[in-house]
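Q: Coordinates for the following, if possible.
(2 chains)
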Amino acid sequence: MELDLFARRSDYQWEIPPHGAMRVPGVIYADETLIRAMDHKVYEQTVNVACLPGIVRAAYVMPDAHWGYGFPIGGVAAFDPDEGGVVSAGGVGFDISCGVRCLHTGLTRDDILRVQKPLADRLFQCIPAGVGSSGAIRLDSQEMDAMLAGGAKWAVERGWGEPADLERIEEGGRMKGARPAAVSQQAKKRQRDEMGTLGSGNHYLEIQEVVAIYDRPAAAAFGLIEGATVIMVHCGSRGLGHQIGTEFLKQMAIAAADHGIILPDRELACAPIQSPLGQEYLGAMRAGINCALANRQILTQLVRQVFAELLPAARLSLLYDVSHNTCKVETHRVDGRMRELYVHRKGATRAFGPGHPDLPETLRASGQPVLIGGSMGTGSYILRGVAESEELAFASACHGAGRAMSRHRAQHTWHGRQVIDDLAARGILIRSPTQRGVAEEAPDAYKDVGAVVDAAEAAGLARKVARVAPLICVKG
DNA sequence: ATGTTC
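A: Residues are numbered from 1 along each chain as shown, chains lettered A, B, ... in the order given. Below is the predicted model of the structure:
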């Protein structure tokens, strides 16, 4: 994008002053290189979001942003229900509550390398991955509703995990206010045998080594030391979330005129928070959040089983589990008063600073772990929430590297086999059901995650704690 | 992201 579209507030903050139907400014956090490389669509979509009723303060955009359905991926927008604020299915994204979970292993890099190949093979055998993959679990309609209401807590109660896991998951592992009855039979049917599956696209399960520490006290609080290994699971609510998103987008688009909402783009379909449709979506979306939390919990248990078999000394415990596709009710200070807002984060991670009451006591002093999944083979980052992010972006940060190239173009640029061989030569084992998927996810199809994270830090959204590098990647 | 185009 051309820099003259923006008022430059700092080297890392670019404002789109309100014009036309914009109710608030747009604010993009990025360095000059990242913002120049962003598609012009990000600008258009940010302007459009800023036009929506009841939006508070600004439409924010994270440094990893790229264009998405209606809202940019990497967008944060908060709405006030008392000022006509809306909830938008496109503002959450199709993969409701897609997120990242990070587990300690209690093992070193050398422990992993000793069994690297059998571990990769066994994880690939035991973790269902790919489009339409199904798991070993079948849910009848009663259990489906229990899962949609109970999230990871439901999973732990059924034996998938340990009660201690729950305190390191957002919302204690169970999103309140879910309405399983608001989820269609079709969505439930699609999910019936998809629990405990990774999915496809950018979803993955990685074994990673801690290769750099930037913030010693926070790393100590997070239990991260150089040479230690962690596991990151990146996945979401599978077919159920997608079905909910599809159905509500359609309904919101049809109902917009009845709600007196003029949509600058049909893809921005939304409904007033205080409308029956808005409430119905929120109930279904929260059920989708529980589905994703339960899914990551079951996957955790599958990974634990593999480790118990090959590395019995391992002790898999949660660092944290945080979603990056949600709409959540949060209290934020705006113009000197506390307001209850509906914060959409689409491809953006919640990043509560130190002292936030929603953080578990063991993490309260350091701030929330912010889990940033990089592209395959390039490494990922663990950051922590900071106080400044509250004012800057309702306590949010980036979520990953962000695509730099379309899937289509990536497919025609690389061969999956070559990508796998190149990474193997660097000691990284990839296992995937599809060569095409690997080509689409080639490291160079993404932005430089290091540059994204540095921009997020320089902008004041979060602080770097550690960098991790992959040893094994099971790719959806 | 996605029973990869109801």
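
Q: what kind of secondary structure is the closest residue in space to residue A:207 that isn't next to it in sequence in?
A: Spatially, and ignoring its direct neighbours in sequence, residue A:207 is nearest to residue A:472 (4.2 Å; C-beta to C-beta, 6 or more residues apart in numbering). (Each C-beta comes from the backbone N, C-alpha and C, glycine too.) Of the three states, residue A:472 takes strand according to DSSP: H, G, I helix; E, B strand; the rest coil.

Q: Would you map the strands across the stretch 1-150 of chain A?
A: Secondary structure of the stretch 1-150 of chain A (DSSP state E, counting those that start in this stretch): strands at A:7-10, A:13-16, A:26-29, A:59-66, A:73-79, A:86-88, A:99-108.

Q: Tell me the strands beside the third one, with direction?
A: In its sheet, strand A:26-29 lies beside strand A:13-16 (antiparallel), strand A:59-66 (parallel), with partners assigned from DSSP bridges.

Q: And it, how far out from the chain middle?
A: Distance of strand A:26-29 from the chain centroid (C-alpha atoms, centre = their mean, to the nearest Å) equals 19 Å.

Q: what's it in contact with?
A: For strand A:26-29, contacts defined as C-beta atoms under 8 Å, 6 or more residues apart in numbering pick out A:6, A:9, A:12-16, A:35, A:38, A:42-43, A:46-47, A:49-50, A:58-63, A:65, A:392-393, A:455-456, A:459, A:461.

Q: for the record, mean pLDDT for it?
A: The predicted model gives strand A:26-29 an average pLDDT of 98.

Q: Just give me the neighbour total for the residue lying closest to residue A:11 once chain neighbours are set aside.
A: Nearest residue to residue A:11 in three dimensions, chain neighbours excluded: residue A:31, at 6.6 Å (C-beta to C-beta, 6+ apart). Neighbour count for residue A:31, taken as other C-beta atoms under 10 Å: 18.

Q: circling back to that earlier point, out of the strands of the stretch 1-150 of chain A, nearest to DNA strand B?
A: strand A:73-79 (8.2 Å; C-beta to the nearest atom of the strand).

Q: What helices and strands are in contact with that closest one?
A: Here strand A:73-79 touches helix A:40-49, strand A:59-66, strand A:337-346, going by 3 or more C-beta pairs under 8 Å, 6 or more residues apart in numbering; DSSP states H and E.

Q: For residue A:419, find the nearest of these.
A: strand A:59-66 (20.5 Å; C-beta to C-beta).

Q: And that closest one, what's buried?
A: A:59-66 (16 or more other C-beta atoms under 10 Å).

Q: Redo those residues as TSV? Include pLDDT and distance to DNA strand B.
A: What follows is those, written out as TSV (pLDDT from 0 to 100; distance: C-beta to the nearest atom of the strand, whole Å):
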residue	pLDDT	distance to DNA strand B
A:59	98	22
A:60	98	21
A:61	98	18
A:62	98	15
A:63	97	17
A:64	96	12
A:65	96	14
A:66	94	10
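
Q: closest to residue A:252 among those residues?
A: Nearest to residue A:252 among the buried residues of strand A:59-66, counting by C-beta to C-beta, is residue A:59 at 18.2 Å.

Q: quick one: the closest one and residue A:77 touch, right?
A: Yes: using C-beta atoms under 8 Å, residue A:59 is in contact with residue A:77, at 5.2 Å.

Q: what touches both of these two?
A: residue A:49.

Q: Up against DNA strand B, what does chain A have?
A: A:94-95, A:98, A:130-132, A:186, A:190, A:194, A:199-203, A:235-236, A:238-239, A:242-243, A:434, A:476 (C-beta under 7 Å from any atom of the strand).

Q: Residue of chain A closest to DNA strand B, please.
A: residue A:201 (2.2 Å).

Q: Would you mind measuring from the residue lying closest to that residue once chain neighbours are set aside to residue A:12?
A: Nearest non-adjacent residue to residue A:201, counting by C-beta to C-beta, 6+ apart: residue A:476, 6.2 Å away. Going from residue A:476 to residue A:12 by C-beta to C-beta, to the nearest Å gives 33 Å.

Q: can you check residue A:420 too?
A: Counting by C-beta to C-beta, the gap from residue A:420 to residue A:12 is 36 Å.

Q: Touching, residue A:411 and residue A:436? I think so.
A: Yes: assessed by C-beta under 8 Å, residue A:411 is found in contact with residue A:436 at 6.1 Å.

Q: Looking at those two, which has the bigger crowd around it?
A: residue A:411 (18 against 15).

Q: quick one: the strands in the stretch 201-350 of chain A?
A: Counting by DSSP E, counting those that start in this stretch, the strands of the stretch 201-350 of chain A are A:204-213, A:228-235, A:270-272, A:317-323, A:325-334, A:337-346, A:349-350.

Q: Please identify the buried residues of the fourth one?
A: Residues of strand A:317-323 classed as buried under the neighbour-count rule (16+ other C-beta under 10 Å) are A:318-323.

Q: which of those lies closest to residue A:271?
A: residue A:323 (21.4 Å).

Q: wait, doesn't the closest one sit right on residue A:289?
A: Yes: using C-beta under 8 Å, residue A:323 makes contact with residue A:289 at a distance of 6.6 Å.

Q: Do me a favour and average the pLDDT over stretch A:172-189.
A: The model assigns stretch A:172-189 a mean pLDDT of 98.

Q: I misspoke; the intended subject was stretch A:33-48.
A: Stretch A:33-48 comes out at a mean pLDDT of 96.

Q: got the end-to-end distance for that stretch?
A: 24 Å (C-alpha to C-alpha, to the nearest Å).

Q: For residue A:325, which residues are in contact?
A: A:92-93, A:95-99, A:236, A:345-347.

Q: Now do the strands in the stretch 351-476 of chain A.
A: Using DSSP E, counting those that start in this stretch, strands in the stretch 351-476 of chain A cover A:369-372, A:380-385, A:396-397, A:429-431, A:462-475.

Q: in stretch A:108-124, what counts as buried?
A: Those would be A:108-109, A:111-112, A:115-116, A:119-124, for stretch A:108-124 by 16+ other C-beta under 10 Å.
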